[in-house]
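Undergrad: coordinates only, no sequence provided:
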């Protein structure tokens with residue numbers, strides 16, 4: 001009887017141990033699967049690399065899955081050689097999400113050598129995510145040598161986003177020397193990029209834009225856009241010497257007569273009026289009022305004075321309106 005009880009006890013114990021092991025194994029397997037530790041097969045990953053799957057929304061997720069796999073690098077390097085330009089473009093978007101040197105090298109190669117404009121643009125965007133000197137150098141090369149203005153424009157945008165001082169000189173070179181009419185908007189984005197970089201090293205170039213008023217070519221309203229972009233860039237940098245420099249330019253330290261474009265003909269200070277009315281009015285920077293006061297006080301051009309007074313009144317009204325709206329909002333919140 002005792003032996004029978006012992007056998008039953010041992011049998012129950014073994015059954016319990018077996019159940020525990022089974023549950024543990026099952027749980028561990030599920031955890032591994034949920035944590036993404038289960039290795040995806042090469043074929044499974046390859047199916048992801050299609051234009052149907054590589055949407056803008058899921059590129060980051062796919063990039064993470066590929067980074068975890070020993071097949072990821074191999075599959076992406078195969079995909080960038082595809083004859084399908086749409087797929088190469090999507091792969092460039094994925095490579096931008098992978099912070100590895102080999103991924104950056106693939107992007108540089110696409111940027112400089114791919115035959116399709118849209119692929120090069122996407123590769124340029126991807127380089128903007130690799131925030132280092134190598135990207136800056138490649139983007140500067142694109143800005144200088146690329147023929148397509150859309151690719152160059154994107155390169156200027158990315159150089160601004162990278163905020164690296166090494167990007168300043170290539171941007172200024174385009175602004176000051178590239179007078180091809182086909183590249184007018186490229187120069188505009190280069191001016192914006194200087195404001196994004198935010199270094200005081202860009203100030204002379206921005207002051208020069210205001211001082212010249214234009215580059216002596218028939219650029220249509222692009223000249224006005226350049227002035228506006230320069231004012232906005234200066235407002236972002238917010239250097240203490242900027243109000244003084246702009247005041248000097250408005251009061252006569254300029255070359256407007258030498259570079260007067262057609263859209264500003266009829267008034268010797270039309271460029272100054274534009275800087276005041278469409279630049280200083282909208283930047284939302286306190287030093288705008290300082291500049292306007294100096295113009296009203298010291299300018300010898302009545303039209304310029306009148307424009308400055310008008311803009312100063314408009315700024316004051318806008319500030320009062322904003323103040324009243326804030327007070328109204330505070331009262332509503334207290335109720």
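TA: Great, that's in hand. All values reported here derive from a predicted model rather than from experimental measurement.

Undergrad: all the strands of the stretch 51-200 of the chain, residue numbers only.
TA: Assigned by DSSP state E, counting those that start in this stretch, the strands in the stretch 51-200 of the chain number zero.

Undergrad: buried ones in stretch 134-143?
TA: Residues 135, 136, 138, 139, 140, 142, 143 are the ones in stretch 134-143 that count as buried (16 or more other C-beta atoms under 10 Å). (Each C-beta comes from the backbone N, C-alpha and C, glycine too.)

Undergrad: wait, which of the residues you listed is closest to residue 255?
TA: residue 143 (26.2 Å; C-beta to C-beta).

Undergrad: relative to residue 121, how far out is the residue nearest to the closest one when sequence neighbours are not counted?
TA: Distance criterion C-beta to C-beta, 6 or more residues apart in numbering; nearest residue to residue 143, sequence neighbours excluded, is residue 155 at 4.7 Å. Per C-beta to C-beta, to the nearest Å, residue 155 is found 9 Å from residue 121.

Undergrad: between those two, point out the one with more neighbours.
TA: residue 155 (33 against 21; other C-beta atoms under 10 Å).

Undergrad: can you pull the contacts of residue 163?
TA: Listed by C-beta atoms under 8 Å, 6 or more residues apart in numbering, the contact set of residue 163 reads 196, 197, 198.

Undergrad: what's the answer for residue 98, then?
TA: Here residue 98 is in contact with 63, 66, 67, 76 (criterion: C-beta under 8 Å, 6+ apart).

Undergrad: max pairwise distance over those residues: which two?
TA: 67 and 76 (9.9 Å).

Undergrad: more neighbours, the two?
TA: residue 76 (23 against 15).

Undergrad: isn't that one up against residue 100?
TA: No: contact criterion C-beta atoms under 8 Å: residue 76 and residue 100 do not qualify, at 10.0 Å.

Undergrad: returning to that earlier point: out of the contacts of residue 98, the closest to residue 253 would be?
TA: For the contacts of residue 98, the closest approach to residue 253 (C-beta to C-beta) belongs to residue 63, at 52.0 Å.

Undergrad: test my guess that that closest one contacts residue 94.
TA: Yes: contact criterion C-beta under 8 Å: residue 63 and residue 94 qualify, at 5.0 Å.

Undergrad: which of these two has more residues huddled nearby?
TA: With neighbours defined as other C-beta under 10 Å, residue 63 and residue 94 compare such that residue 94 has more, 24 against 21.

Undergrad: look up how far residue 148 lies from residue 104.
TA: Going from residue 104 to residue 148 by C-beta to C-beta gives 22 Å.

Undergrad: higher neighbour count, the two?
TA: The neighbour comparison of residue 104 against residue 148 (other C-beta under 10 Å) goes to residue 104, with 21 against 12.

Undergrad: check the residue nearest to the more buried one when sequence neighbours are not counted and give its pLDDT.
TA: Nearest residue to residue 104 in three dimensions, chain neighbours excluded: residue 130, at 4.5 Å (C-beta to C-beta, 6+ apart). Note for residue 130: predicted pLDDT of 96.

Undergrad: count the residues that sit near residue 130.
TA: Look at residue 130: counted by other C-beta under 10 Å, it has 23 neighbours.
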